[in-house]
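Visitor: Give the three-dimensional model of this entry:
(chains A and B)
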Amino acid sequence: MDRIPVLKLGEFLLVTIQVDMHDRLAMALQDDITAMVVRHGSSGVLIDISALTVVDSFIGRMISNIASMARILDAETVVVGMQPAVAITLVELGLELPGVRTALNVERGMVILRKHLQDQDSDNTHNADVAD
Amino acid sequence: MENLLGSIVSAGASIAILDITGVPTVDTQVAQHLLKTVAAARLMGADCIISGVRPQIAQTIVHLGVDLQNVTTKATMADALKVALQRLGYSMVRRGA
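Guide: Predicted coordinates for the structure are as follows:
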């Protein structure tokens, strides 16, 4: 069965969806991402869906689920490159992906993740200072 | 909605200002559509700022029971522009004294 590649990119994972997703592929992707986040201790997941032209409620919920799972595993998820038609479809389906960060392209998504990582680091050092 | 989303992509915009000063009244359907547009823009990675909401429209939105907690609303277009520039890291100063 074909799979969607999950690439490790330093602290983050990059997932580029370049084919139209079917349900089983989405399930496999969910398994792969959660496994990779744990294995590499990634702090962010970047999902590029710029080539995704068709979504249904299942795929929409899948994206939302992946983000929730990643957050539990201490990784921030950013969904980037959503097509206008896809955005409209998701909103009409009532799937507004609350809690999922979004960006226009991979570059901006990366900026968001880096900023998040920096904020986290400064929080940690601040807390350590307070503990001292 | 399609127009705005298309423009966000072509302009690479990270903030969209929806100024509805010229809209005297909205019915529930229009209000709902407006909020759908805001949600769709967010999904594409652009934040929306709504400006120029008239009292009547504010009432309609609240009567609709729509949650606007996560959407920035500003009184005027100028205020919205100010917030947008601020978020992008720009600041406006008057030249000279």
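Visitor: Burial check on A:Gly94, number of neighbours?
Guide: Counted with other CB atoms under 10 Å in any protein chain shown, the neighbours of A:Gly94 add up to 10. To be clear about C-beta, it is placed using only N, CA and C from the backbone, and glycine gets the same treatment.
Visitor: So it lies in a helix, does it not?
Guide: No - A:Gly94 is assigned coil when assessed by DSSP: H, G, I helix; E, B strand; the rest coil, not a helix.
Visitor: how much space between it and chain B?
Guide: The span separating A:Gly94 from chain B equals 10 Å under the rule CB to the nearest CB, to the nearest Å.
Visitor: Show me the strands in chain B, by range?
Guide: Using DSSP state E, the strands of chain B run over residues B:15-19, B:47-51, B:72-74.
Visitor: just those: most buried one?
Guide: strand B:47-51 (a mean of 21; mean count of other CB atoms under 10 Å in any protein chain shown).
Visitor: And the contacts of it?
Guide: B:14-21, B:34, B:37-38, B:41-42, B:71-77, B:79-80, B:83-84, B:87 (CB atoms under 8 Å, 6 or more residues apart in numbering or on different chains).
Visitor: give me the residue from chain B nearest chain A.
Guide: Minimum separation of chain B from chain A (CB to the nearest CB) falls at B:Leu5, amounting to 3.5 Å.
Visitor: Return only those of the contacts of strand B:47-51 found close to chain A.
Guide: Applying CB under 8 Å from any CB of the partner chain to the contacts of strand B:47-51, one finds that B:14, B:41-42 fall near chain A.
Visitor: A:Thr34 and A:Arg71 touch, don't they?
Guide: No - using CB atoms under 8 Å, A:Thr34 is not in contact with A:Arg71; the gap is 11.2 Å.
Visitor: Can you pick out the residue with more neighbours from those two?
Guide: A:Thr34 (18 against 14).
Visitor: Now name the helix or strand holding that one.
Guide: Using DSSP states H and E, A:Thr34 sits in helix A:23-40.
Visitor: what is the mean pLDDT for that helix?
Guide: In this model, helix A:23-40 has an average pLDDT of 92.
Visitor: On the C-terminal side of it, identify the next helix or strand.
Guide: strand A:44-48.
Visitor: okay, the angle between that next one and helix A:23-40?
Guide: For strand A:44-48 against helix A:23-40, the angle by axes from the mean of the first three to the mean of the last three CA atoms, to 10 degrees is 150 degrees.
Visitor: So strand A:44-48, near chain B or not?
Guide: No - remark: strand A:44-48 sits outside contact range of chain B, by CB under 8 Å from any CB, the gap being at least 11.6 Å.
Visitor: Who are the packing partners of the next helix-or-strand element following that strand?
Guide: Scanning forward in sequence from strand A:44-48 by DSSP H and E, the next helix or strand is helix A:57-72. Here helix A:57-72 touches helix A:23-40, strand A:44-48, strand A:76-80, going by 3 or more CB pairs under 8 Å, 6 or more residues apart in numbering or on different chains; DSSP states H and E.
Visitor: Helix A:57-72 vs strand A:76-80, what angle?
Guide: Using the same axes, to 10 degrees: helix A:57-72 against strand A:76-80 is 140 degrees.
Visitor: Distance-wise, check A:Val38 relative to chain B.
Guide: 27 Å.
Visitor: Same check on A:Ile17?
Guide: From A:Ile17 to chain B the distance is 15 Å (CB to the nearest CB).
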